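# what follows is a predicted structure for the sequence shown.
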Amino acid sequence: MIGPGERVPAARVWRSAADAEGVTLAELAADGPFLLLFYLYDWTGT
């Protein structure tokens, strides 16, 4: 659990299924503009 004032750990993202290691958002931003998509599913209806 992260408490108030603590930093969030660097999350890793994967650009494709072939990307075994992933990259951080900071590394993506250093390469230039990027589009980040989220898929959210509403489990309350199941």
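Good, I have the coordinates.
# this protein: strands as residue ranges?
12-13, 23-24 (DSSP state E).
# by contact count, what packs against the last one?
Right, the one you point to is strand 23-24. strand 12-13 (3 or more CB pairs under 8 Å, 6 or more residues apart in numbering; DSSP states H and E). Bear in mind the C-beta positions are built from the backbone N, C-alpha and C, glycine included.
# direction included, what does the strand it packs on pair up with?
Counting by DSSP bridges, the strands paired with strand 12-13 are strand 23-24 (antiparallel).
# for this structure, which segments count as helices?
Under the criterion DSSP state H, the chain carries helices at the ranges 25-31.
# just want the most central residue of it.
V13 (4.6 Å; CA atoms, centre = their mean).
# what does stretch 2-19 rub up against?
Here stretch 2-19 makes contact (CB atoms under 8 Å, 6 or more residues apart in numbering) with 21-26, 28, 36.
# as TSV, the strands of the chain with distance to G45 and mean pLDDT would be great.
Converted to TSV, these look like this (distance: least, CB to CB, whole Å; pLDDT from 0 to 100):
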stretch	distance to G45	mean pLDDT
strand 12-13	28	78
strand 23-24	34	82
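# identify, out of those, the most deeply packed stretch.
Highest mean neighbour count of the strands of the chain: strand 23-24, a mean of 14 (counted as mean count of other CB atoms under 10 Å).
# quick one: the residue nearest to the centre of the chain from A20, how far?
13 Å (CB to CB, to the nearest Å).
# would you turn the strands of the chain into JSON lines with distance to L40?
Converted to JSON lines, the strands of the chain look like this (distance: least, CB to CB, whole Å):
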{"stretch": "strand 12-13", "distance to L40": "16"}
{"stretch": "strand 23-24", "distance to L40": "22"}
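# those: which one's closest to D42?
strand 12-13 (22.6 Å; CB to CB).
# okay then, goodbye and thanks.
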